[in-house]
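Trainee: starting from these lines, generate the structure:
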Amino acid sequence: MTRALAAVLAAVLSLATDSPAQALPHALRADRLVVRKAERTLTLYWHGAKLKSYRIALGGRAVGAKAQRGDQRTPEGLYSAAKRRKETAFHAALELSYPNDADLARAKAAGVPPGGGIEIHGLRDGFDWLGSAHVLFDWTDGCIAVTNTEIDELVRAVPDGTPVEILP
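Mentor: The predicted structure is shown next:
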């Protein structure tokens, strides 16, 4: 094995480890989430105070707001965590209220379907071994992805109806 390959492998494996020492206390509940697409972060807030940030992966075409079904873009705008789901093909998820009224109007004006099913979710079943190495590239169809440990924490700490702001 070459030194360069060994260094790359070491870097990927170090990213793949989750840090349970930084888990949110069970009693904490977020009242706002902010996703910063350019920074690839999702941050939980409570009364304006930052609780925790997560590194994320986005849709395969992350630059720009979602315009229509199948464009692999992550939406931008104000949504809510409409529903917590503990059983999905992606371990668990927070379903977002996409499309909102502005998304529907934009899609209607363009004569295209807006799409739907946008979530903050974990890793596909069988791929949890990737851990946080999943953030090395944007791989979702427009969703926001975190590790399975992180989505478990988010499902617990984010009540249904919590505002989610997705910024460019």
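Trainee: show me what the longest strand anywhere in the chain is in contact with.
Mentor: As assigned by DSSP state E, the longest strand anywhere in the chain is strand 77-88. Applying C-beta atoms under 8 Å, 6 or more residues apart in numbering, the contact partners of strand 77-88 are 33, 65, 92-98, 100, 102-103, 118-121, 155, 158-166. (Glycine included, C-beta is placed from N, CA and C.)
Trainee: next one, pLDDT for the residue nearest in space to the middle of the chain please.
Mentor: Nearest residue to the geometric centre of the chain (C-alpha atoms, centre = their mean): Ile144, 2.4 Å. For Ile144, the model assigns a pLDDT of 97.
Trainee: ok, and the closest non-adjacent residue to it?
Mentor: In this structure, Ile144 finds its nearest non-sequential neighbour in Ile120, 4.5 Å apart by C-beta to C-beta, 6 or more residues apart in numbering.
Trainee: so what sits opposite the one you found in the bridge?
Mentor: Ile120 has these beta-bridge partners by DSSP bridges: Leu94, Ile144.
Trainee: how far away is it from Pro168?
Mentor: From Ile120 over to Pro168 the distance is 17 Å, taken as C-beta to C-beta, to the nearest Å.
Trainee: out of those two, which sits in the busier spot?
Mentor: Between Ile120 and Pro168, counted using other C-beta atoms under 10 Å, the more crowded position is Ile120 (28 against 12).
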